[in-house]
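1. predicted model follows, preceded by the sequence.
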Amino acid sequence: MKWFKDIFGRGKKVDNYLVDKNNFIKLILFTALFSIIFINLYKPFGSGNWYNVSPVRYFIFSFLLVLTGILVIAFSRFLMYRFVRKHSLYYLEYALWVACEIIVLSGFYTLYTIAVNEDLHFWSMEDIIKVFTEANFNTVLVIFLPYSVSWLYFSNQDKKMRLKKMEMGLSKPETLVLQFPDEKGEVRFTVMSDHVIYLRAADNYISIFYKNNDQVSEYLLRNSMKRMSELLVDTPIQRIHRSYMVNFAHVVALRKTPVGISLELDQPNLETMPVSKTFASEVTEAFLRYSKRN
């Protein structure tokens, strides 16, 4: 059951492609297109009997249902995008988020069904429960396929992009000029990338440890680790922990212990860097990539 814990346990964050803004848009458009075509062509789950109307009116009703659903999903993904800009989102939370989307969609479907069906009444709890139960079942079945296909597609595209970056990375120069801005976007510190050893977060500040005349110096910068990880996404400096980012050009060994993974750096008198389980796979991949390059 380790795979279940790794995926749905709160210790593993969702992959970035699941919370990417462009992928949100693709998911919404694909779900809308699939839903309107699938419902009208195949009338699944006995949906042809949901409303006793002509095919034209059925299309109009189904279009309104899909439009409502898309607005709900769009608003939900907007909130998710705002959330992940400041917080981490884990797989269990992502699953609960999707479940909430289904419940809200089912609520709208219930309202529409009772409103157009003369045999159903809003004051009848039995009618509401019956329609809402069917709505949950139908909603899950209708959106399951587009959600699943989108997930597989985004995962495949992400793997292709990672592979492309790895191939490009083997020929990219190691040394870059890095500019570190503060929380207001004003550049406060500029240094060559190969001089940076690691970054450590402390409250609202980032400590940048770098080589300076064969010694390790520290520069204190007011900013967040999340913004730093976004700024340094295409560099050898990558996040390994909630409070640490390490320049893999200075990593000489990856040590796996019963309590987790740690990194050894090429600088004397520096303790090993802890690696959290959240970043374990990414750290292993980065270590292999940069050790191969070196």
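-> Arrived safely.

2. how far does stretch 271-284 sit from its chain's centre?
-> 19 Å (C-alpha atoms, centre = their mean, to the nearest Å).

3. ok, stretch 146-153 next?
-> 14 Å.

4. for that stretch, buried residues please.
-> When burial is assessed from 16 or more other C-beta atoms under 10 Å, stretch 146-153 yields the following buried residues: 146-147, 150. To be clear about C-beta, it is placed using only N, CA and C from the backbone, and glycine gets the same treatment.

5. what of stretch 235-253?
-> 235-241, 244-251.

6. before we move on, what about stretch 214-234?
-> Neighbour-count burial for stretch 214-234 [16+ other C-beta under 10 Å]: 219, 221, 223, 225-226, 228, 232.

7. can you lay out the buried residues of stretch 146-153 as a markdown table showing pLDDT and distance to residue 108?
-> A markdown table is the format used below for those (pLDDT from 0 to 100; distance: C-beta to C-beta, whole Å):
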| residue | pLDDT | distance to residue 108 |
| --- | --- | --- |
| 146 | 86 | 18 |
| 147 | 88 | 18 |
| 150 | 88 | 21 |
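
8. please convert these to JSON lines, extending it with secondary structure and distance to residue 189.
-> Converted to JSON lines, the buried residues of stretch 146-153 look like this (DSSP: H, G, I helix; E, B strand; the rest coil; distance: C-beta to C-beta, whole Å):
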{"residue": "146", "secondary structure": "helix", "distance to residue 189": "46"}
{"residue": "147", "secondary structure": "helix", "distance to residue 189": "43"}
{"residue": "150", "secondary structure": "helix", "distance to residue 189": "40"}
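
9. looking at the buried residues of stretch 235-253, which is nearest residue 13?
-> Using C-beta to C-beta, residue 239 comes nearest to residue 13 of the buried residues of stretch 235-253, at 10.8 Å.

10. what's near enough to touch the closest one?
-> By C-beta atoms under 8 Å, 6 or more residues apart in numbering, the residues touching residue 239 are 225, 229, 245, 279, 282.

11. show the contacting residues for the closest residue to residue 26 other than its chain neighbours.
-> Leaving aside its sequence neighbours, residue 26 sits nearest to residue 150 (C-beta to C-beta, 6 or more residues apart in numbering; 6.9 Å). When contacts are counted by C-beta under 8 Å, 6+ apart, residue 150 touches 23, 26-27, 30-31.

12. kindly report the same for residue 241.
-> For residue 241, the contact set (C-beta under 8 Å, 6+ apart) comprises 273-276, 279.

13. save those as a markdown table, and put in secondary structure too.
-> A markdown table is the format used below for the contacts of residue 241 (DSSP: H, G, I helix; E, B strand; the rest coil):
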| residue | secondary structure |
| --- | --- |
| 273 | strand |
| 274 | strand |
| 275 | strand |
| 276 | coil |
| 279 | helix |
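
14. and those residues, which of them are buried?
-> The buried subset of the contacts of residue 241 - by 16+ other C-beta under 10 Å - is 273, 275-276, 279.

15. hmm, back to that, of the contacts of residue 150, which is the nearest to residue 269?
-> After measuring these against residue 269 - C-beta to C-beta - the closest member comes out as residue 23, at 44.0 Å.

16. and the pLDDT for residue 46?
-> pLDDT for residue 46: 50.

17. same check, this time on residue 262
-> Reading off the model, residue 262 has pLDDT 88.

18. for it, phi and psi?
-> Here the main-chain torsion angles of residue 262 (degrees, to the nearest 10) amount to phi -140, psi 160.

19. my read: it touches residue 270, true?
-> No - using C-beta atoms under 8 Å, residue 262 makes no contact with residue 270, being 11.7 Å away.

20. tell me which of the two has more neighbours.
-> Neighbour totals were compared for residue 262 and residue 270, and residue 262 leads with 17 against 14 (other C-beta atoms under 10 Å).

21. apart from its chain neighbours, what residue comes closest to the more buried one?
-> Nearest to residue 262 is residue 272, by C-beta to C-beta, 6+ apart, at 4.1 Å.

22. what do you get for residue 216?
-> Counting by C-beta to C-beta, 6+ apart, the residue nearest residue 216 is residue 209, at 5.6 Å.

23. confirm the one you found sits in a helix?
-> No - secondary structure assignment places residue 209 outside any helix; it is strand (three-state DSSP).

24. for it, give the beta-bridge partners.
-> Note on residue 209: beta-bridge partners by DSSP bridges are residue 198, residue 218.

25. circling back: could I get the contacts of residue 150 as JSON lines with distance to residue 186 and neighbour count?
-> Below are the contacts of residue 150 laid out as JSON lines (distance: C-beta to C-beta, whole Å; neighbours: other C-beta atoms under 10 Å):
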{"residue": "23", "distance to residue 186": "32", "neighbour count": "19"}
{"residue": "26", "distance to residue 186": "35", "neighbour count": "15"}
{"residue": "27", "distance to residue 186": "36", "neighbour count": "22"}
{"residue": "30", "distance to residue 186": "41", "neighbour count": "15"}
{"residue": "31", "distance to residue 186": "41", "neighbour count": "22"}
